[in-house]
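Trainee: okay, sequence plus prediction incoming.
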Amino acid sequence: MFTSTLASFRSEWILLNRGRLWTLLLTTAAVLAVGATWLVLDTADTAGPERTPLAAISGATSAVMSAMSFVGLLVAASFAALATTEIDRGLFRSALTRQPRRVALVVGRLAARLSVAAVAGLVVLVAGAVTAVAVAPSVDVSTNGWFGADGLGQIAQDAGRFALFTAVYAAIGTTAAVVVRSTPIALGALLLWFGPIENVVGAGHGWAERWFPGLVMRSLMNPDAPAALSTGTVLWTSAVFLAVCATITLVAVSRRDVTS
């Protein structure tokens with residue numbers, strides 16, 4: 001199983017490891033991080049419930065973390081599009097002729113895609129930290145201690161939160177893809193759920209904030225926000241999301257016919 005999974009990882013990594021892809025992905029990640037960090041710092045403490053208080057910007061990556069919750073749909077859509085495209089074009093069926101173990105194939109490919117996302121996430125954090133250091137003096141935010149022992153510990157914690165955030169949205173996108181097996185339907189369902197359903201139906205409801213994935217991920221990325229869930233609750237709920245997505249995905253790819 002491990003050997004098959006590793007082989008699937010390597011084949012997908014070779015496919016993704018293209019200079020043009022890296023240039024586009026990392027440039028986009030850096031631009032988004034710089035723009036989002038500057039916007040958060042520039043509008044902090046202004047009116048509006050979604051604004052970040054200046055007191056919450058206590059580290060080099062605090063501002064970019066508070067701004068990145070909006071990219072969750074983008075992450076889910078990207079993973080869904082990759083999965084549905086290989087199903088629609090028969091690439092998954094073709095891959096099974098070389099790697100008949102479906103679970104190993106899916107796990108290996110998803111791990112490779114998550115590795116690429118991890119590199120992009122690292123660029124986001126670095127670009128956000130550099131921008132925060134540059135902009136902080138103009139908004140009266142002290143950078144003392146940002147890169148001391150405590151500051152580096154917070155950066156490491158933020159990196160872990162961002163990794164979990166990416167993994168949850170990647171799992172949701174992949175699950176949607178293998179269930180519906182259609183790019184337009186999968187993307188439409190994700191847009192509908194993370195758009196009007198979560199933000200309109202779930203607004204102001206404690207049960208929704210506790211169990212709707214997008215709302216839970218906001219607490220993960222903004223732990224100091226008013227009414228944010230505790231870190232322990234977020235971690236436990238995220239583990240439930242990942243377990244459910246893994247079960248649905250593995251059952252779907254193991255039992256569904258892919259010959260048509």
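Mentor: That came in fine, so what should we check first?
Trainee: quick check: closest non-adjacent residue to residue 112.
Mentor: Closest residue to residue 112 in three dimensions, ignoring its sequence neighbours and counting by CB to CB, 6 or more residues apart in numbering: residue 12, at 3.7 Å. Glycine gets a C-beta too; all of them are placed from N, C-alpha and C.
Trainee: residues in contact with that neighbour?
Mentor: 108-109, 112-113 (CB atoms under 8 Å, 6 or more residues apart in numbering).
Trainee: now neighbour count, pLDDT and secondary structure too, for those residues, in CSV please.
Mentor: Formatted as CSV, those follow (neighbours: other CB atoms under 10 Å; pLDDT from 0 to 100; DSSP: H, G, I helix; E, B strand; the rest coil):
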residue, neighbour count, pLDDT, secondary structure
108, 23, 88, helix
109, 25, 89, helix
112, 20, 94, helix
113, 22, 94, helix
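Trainee: thinking again about what came up before, ok, the residue nearest to residue 112 to residue 153 distance?
Mentor: Residue 12 sits at a distance of 33 Å from residue 153 (criterion: CB to CB, to the nearest Å).
Trainee: sorry, back to before: what's the closest of the contacts of residue 12 to residue 34?
Mentor: residue 113 (24.5 Å; CB to CB).
Trainee: shaky segments in the stretch 101-250 of the chain?
Mentor: Counting by pLDDT under 70, the stretch 101-250 of the chain contains no low-confidence range.
Trainee: from what I can see residue 191 touches residue 73, true?
Mentor: Yes - taking contacts as CB atoms under 8 Å, residue 191 lies within contact range of residue 73: 6.9 Å.
Trainee: neighbour count: the two, which is higher?
Mentor: Per other CB atoms under 10 Å, whichever of residue 191 and residue 73 has more neighbours is residue 73, with 20 against 14.
Trainee: what's stretch 77-93 in contact with?
Mentor: With contact meaning CB under 8 Å, 6+ apart, stretch 77-93 is reached by 95, 105, 110, 113, 169-170, 173-174, 176-178, 180-183, 186-187, 190-191, 258-259.
Trainee: how about a cut-off of 7 Å?
Mentor: 113, 170, 173-174, 176-178, 181-183, 186-187, 190, 258-259 (CB atoms under 7 Å, 6 or more residues apart in numbering).
Trainee: of those residues, grab the buried ones for PyMOL.
Mentor: With 16 or more other CB atoms under 10 Å as the criterion, this PyMOL line picks the buried residues out of these:
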select buried, resi 113+170+173+174+176+177+178+181+182+183+186+187+190
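Trainee: between the contacts of stretch 77-93, which is closest to residue 220?
Mentor: Using CB to CB, the contacts of stretch 77-93 come closest to residue 220 at residue 170, 14.2 Å.
Trainee: quick one: contacts for the closest one?
Mentor: 75, 79, 114, 117.
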